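**Student:** When you get a sec, could you give me coordinates for this:
(one chain, ligands or ions: 1)
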Amino acid sequence: MPAVPAARAENDADRVAHLRRFEILDSLPEGAYDDIVALASQLCGAPIALISLVDAERQWFKARVGLEAQETPRDLAFCDHALLRPDAVFTIPDAHADPRFADNPLVTGPPHIRFYAGAPILVEGGLPMGTVCVIDTQPRLLAPAQAAALQALARQTAALLALRAHTRLAQQQAAELAKTSAEAQRERQRSAELLDLVLRGGNLGLWDIHVPSSVWTANARELEMLGHAADGAGPSTTDWRTLIHPDDWPQVRAALQAHLGGAAPAFQCEHRMRHRAGHWIWVQSHAVVVDRSADGQPLRVVGTHRDVTRRKEAEAEIELAHARLQQLSTTDALTGVGNRRHFDDCLAREWARSARTHQPLALLMIDIDHFKLYNDRYGHPAGDDCLRRVAELITACARRGGEIVARYGGEEFAVLLPGTPIDGARAVAQRCLQALRDGAIEHLASPTDGVVSLSIGVAVRVAGKSIEPKALTDAADAALYEAKRGGRDRLAVGTAG
Ligand SMILES: Nc1nc2c(ncn2[C@@H]2O[C@H](COP(=O)(O)OP(=O)(O)OP(=O)(O)O)[C@@H](O)[C@H]2O)c(=O)[nH]1
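**Tutor:** Below you'll find the model as predicted:
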C-alpha cells in the first residue's frame, strides 16, 4: 500500500507564497537553525531532528541532524500532515501501525522511521511554514515537557524567520536609501556640472557676499577673471568694496541699495573691478538677495560677473570714431575751421537762441581781397597755404569762446558772434583786418599794399518772429559788397534791418 499523502489546506497556495517570501529555501546552512535541531535532538533523545519547510511539492530541510537527505517529495512528508493541526504537536508513535505511513518508503526504507513528532512553525498570521520535528527508528512517545520544548523550538524558529524578514527588509530599505542618496548625490553633481557649464558657457564668475560683514567669496572663474590663481588663492582683501573702481562705486552702491531695499528686483550694473595686475576690467554684474534675516535684513547676496572689457573697449573705440566722424563732417578739410554745413547748423541754433534770449547775433562775412590774382601769381598750392594762414589769423581774433569760425565759400569766411552787439562785432572785424596787416602775407599782385588783405561785412540782428536768419546773412553780404566797393582792406557795417 502506497504512502497516503496529507490533504492540502485551502490556503496552501498563500502559505507557500508566504514561505517563499522569506527567501530561505535552498539557502546555506546557518548556525542559529543548526542549534535548534541539535537542541531538539538532545531534548527529545531522538537520533534525527529536522527543521522542515514545506514547499509546494517538496519538504526542504533548513537544518538537520542524523539525516543525509536535504529534501524529500512532499507526498512522503510526515510534516505535511502536521500542518493540518497547526496548534498541536503531531505525533506518530509507531509508523508501522499507522496505515497512513506503514508503506511510506521513508518507513520501509532509510531512514526507517518508526516514531515521528513535529511542532508546526507558525509565522505571523498563523500560517504554518513547516515543522521542527524529531524522528526515531523505535516506536515511542514524547513526554509532555519534551513536546512543550519542541513547540518552544518551533516558536524560536518562527522568530528567526521573522528576524530574517526584518533584516532583509532593513537591508532592502538601506539599499534603497543608498540608491536614493546616491541618486541625490548624482543629481547634485549633475546640477553642479550644469551650473558650471552655464557659468563657463556664459563666461560668468560666481560670487557670494555675506552682507553684514561684507565678506566676499568667489568661484574659480571669478578669481581667474580678476587675475588670481584658479586654485582658490584669491585677492588679499575679503571686502569686495575695495575691488570696485572708486569712480564707479556711487553707481554700484545706488544699484545695490535699490535691490536690497526692495525697489529693484535684482542688482544690475556695469562697473570696473581691480585686476591683480593693476589695471581695471569692466564687468557686467547681476545679483539677487538669497537670504534675509527674520526682520527682512539682507544676509546674503549671490551674483555673477561677466567680463565685458572687450565690449567696453570696442564701444569706446566706436564712440571715438563717431566723434571723429562728427568732427570730420563739420570741419573744412583744407583750413580746419568749420565747414559750410557747420556754419548753417550753428546759424540756425544761434538764431533760435537769440529768439529766446533777445540777445543780438552778429555775423562777419570775410572775403580775401584779390585772391584770384594771388592764385595766378603764386599758384594754387600756395593759394591753399594762404587760405590756411588766413583761417588761423581769423580764428585767433575770435577768442572770446562761443564764436564760430567757418569757411563759407572758396576764399570767404564767416564768423558768428552770439550775444554780440554791433560795437563788439566791429571790434572783432577790426582785429581781423589788423591781424592780416600784421601777418603781412606777401601778395605782390594785389593793388592793396602788396600784402593779403580782407574785406569784411558786419551785420547784427536780434532774431524774432517776423525775421529769418537769411536777413542776417543778406545784411552781412551787402555790407561785404560795400567794403569791396569802398576799396577793400576794410569793414562795412550793414544797416539795421
Ligand atoms: N587756392 C585756392 N583758391 C581758391 C579756393 N577756393 C576759391 N579759390 C579761388 O579764389 C578766387 C576767388 O576769386 P574772385 O571771386 O574773382 O575774387 P577775388 O579775386 O578774391 O577778388 P575780390 O574778391 O573781388 O577781391 C578764385 O580764383 C578761386 O579759384 C581754394 O580752395 N584754394
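**Student:** Run through the strands of the stretch 151-300 of the chain in chain order.
**Tutor:** Remark: strands assigned in the stretch 151-300 of the chain by DSSP state E, counting those that start in this stretch are 204-210, 215-218, 267-274, 280-292, 298-307.
**Student:** Redo those strands as a markdown table? Include mean pLDDT and distance to Arg485.
**Tutor:** In short, each C-beta sits where N, CA and C put it, glycine included. Formatted as a markdown table, these follow (pLDDT from 0 to 100; distance: least, Cβ to Cβ, whole Å):
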| stretch | mean pLDDT | distance to Arg485 |
| --- | --- | --- |
| strand 204-210 | 88 | 75 |
| strand 215-218 | 83 | 79 |
| strand 267-274 | 94 | 63 |
| strand 280-292 | 93 | 63 |
| strand 298-307 | 91 | 69 |
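**Student:** quick one: the strands in the stretch 1-150 of the chain?
**Tutor:** Using DSSP E, counting those that start in this stretch, strands in the stretch 1-150 of the chain cover 48-54, 58-65, 71-73, 90-92, 115-122, 128-136.
**Student:** buried ones in the last one?
**Tutor:** Of all the residues in strand 128-136, those buried under the rule 16 or more other Cβ atoms under 10 Å are Pro128, Met129, Gly130, Thr131, Val132, Cys133, Val134, Ile135, Asp136.
**Student:** Distance-wise, check Ile121 relative to Ser52.
**Tutor:** For Ile121, the distance to Ser52 (Cβ to Cβ, to the nearest Å) stands at 9 Å.
**Student:** Same drill for these two, tell me which one is more crowded.
**Tutor:** More neighbours surround Ile121 than the other of Ile121 and Ser52, with 31 against 27 (other Cβ atoms under 10 Å).
**Student:** before we move on, the earlier item: give the residues shared as contacts by Ile121 and Ser52.
**Tutor:** Residues touching both Ile121 and Ser52 (Cβ atoms under 8 Å, 6 or more residues apart in numbering): Gly130, Thr131.
**Student:** Give me the longest helix you can find in this protein.
**Tutor:** helix 144-201 (DSSP state H).
**Student:** tell me the angle that one makes with strand 48-54.
**Tutor:** 50 degrees (axes from the mean of the first three to the mean of the last three Cα atoms, to 10 degrees).
**Student:** Now do the lowest-mean-pLDDT helix or strand in the chain: everything it contacts.
**Tutor:** For the chain, counting by mean pLDDT, DSSP states H and E, strand 215-218 ranks last in confidence among helices and strands (a mean of 83). Residues outside strand 215-218 that contact it (Cβ under 8 Å, 6+ apart): Gly205, Leu206, Trp207, Asp208, Ile209, His210, Leu226, Gly234, Thr238, Asp239, Trp240, Leu243.
**Student:** Identify the spatial nearest neighbour of the third one, chain neighbours not counted.
**Tutor:** Using Cβ to Cβ, 6 or more residues apart in numbering and skipping the chain neighbours, the partner closest in space to Trp207 is Ala218 (4.5 Å).
**Student:** Name the nearest residue to Thr330, sequence neighbours excluded.
**Tutor:** His342 (3.9 Å).
**Student:** Flag every buried residue along the strand or helix carrying the one you found.
**Tutor:** Under the criterion of DSSP states H and E, His342 resides in helix 340-357. Within helix 340-357, the residues scored as buried using 16+ other Cβ under 10 Å are His342, Phe343, Asp344, Cys346, Leu347, Glu350, Trp351, Ser354, Ala355.
**Student:** again, but for stretch 138-148
**Tutor:** For stretch 138-148, by 16+ other Cβ under 10 Å, it's Leu142, Gln146, Ala147.
**Student:** ok, so of those, who is nearest the ligand?
**Tutor:** Distance to the ligand, by Cβ to the nearest ligand atom, is smallest for Ala147 among these, at 137.1 Å.
**Student:** Pop out the phi and psi values for the closest residue to that closest one other than its chain neighbours.
**Tutor:** Distance criterion Cβ to Cβ, 6+ apart; nearest residue to Ala147, sequence neighbours excluded, is Val89 at 4.6 Å. Phi and psi for Val89, reported as degrees, to the nearest 10, are phi -80, psi 120.
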